[in-house]
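Q: Give me a model of this one.
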Amino acid sequence: MSALQLQGITKIYGHRPVLRQVTLQLQPGEMAVLTGDNGAGKTTLLKVVAGLIPPSRGRIEGISQRYIGYVGHRPMIYEDLTVAENLAFFAGLYGEQEPGRIPQTLERIGLQGTEQMPGRVLSRGMLQRLSLGRVLMQQPRLFLMDEPFTGLDSQGRQWLTGVLRRLLQEEAMVLLVSHQLQELADLPYAEYRLQRGRLV
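A: Model (predicted):
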């Protein structure tokens, strides 16, 4: 698996630069954590890497969009579909029809027994788990996560820490935005601080 390479990523809205020449490299099995004040450009950088918005300048190399999974502030779950139907839908988008994938993913995200629950009745923490589950169905090599600990109780935070540890052991790459570095204390990561769109 190739490394993720961000080369001089710049994003300008109108005349206002939000990202300024951001250069970063991430190897398989590594996690980078973006920190910084609100408005520093953290979420914008994740969305650029995810392919949701184009950069004004700069290049993203080393990985195709097919292998990038994004967990943002919104869970991107269909409320009228059940938990299992949501996973099946997102698996189908990427041609992942391997038998047994849904039960395996449900076990991995700790939602066994919720297969027939519609998305509209799920708690915030359950939605967060299902949001990660839909990304796992994609089998990405790069995980982009924007404040993934938000809305999780103590047990959920411990669960997510375990998921991150396993992803790194599987040689995935993780680029994560978080203000809760204490949750990552037992994991290896490099911190990158954004200030007014620049890495400092």
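Q: list the buried ones in stretch 129-140?
A: Buried residues in stretch 129-140, counted by 16 or more other Cβ atoms under 10 Å: Arg129, Leu130, Ser131, Leu132, Gly133, Arg134, Val135, Leu136, Met137, Gln138, Pro140. Where you see a C-beta, it was placed from the backbone N, CA and C, and this is true even at glycine.
Q: and if you look at stretch 188-197?
A: Tyr189, Tyr192, Leu194, Gly197.
Q: With stretch 68-84 instead?
A: Buried residues in stretch 68-84 (16+ other Cβ under 10 Å): Ile68, Gly69, Tyr70, Val71, Gly72, Pro75, Ile77, Thr82, Val83, Ala84.
Q: how about the closest residue to the fourth one other than its chain neighbours, secondary structure?
A: Take Val71 and drop its neighbours on the chain: the residue closest to it by Cβ to Cβ, 6 or more residues apart in numbering is Met145, 4.6 Å away. Secondary structure assignment for Met145 (DSSP: H, G, I helix; E, B strand; the rest coil): strand.
Q: hey, what's Met145 bridged with?
A: Beta-bridge partners recorded for Met145 (DSSP bridges): Val71, Leu176.
Q: Same check on Gln5?
A: Beta-bridge partners of Gln5, as defined by DSSP bridges: Gln25, Glu61.
Q: Per-residue pLDDT of it, please?
A: Confidence at Gln5, expressed as pLDDT, is 97.
Q: residue contacts, it?
A: Going by Cβ atoms under 8 Å, 6 or more residues apart in numbering, Gln5 touches Leu24, Gln25, Arg59, Ile60, Glu61, Gly62.
Q: care to break this structure down by domain?
A: Domain ranges of the chain: 1-63+144-200, 78-140, per automatic domain parsing.
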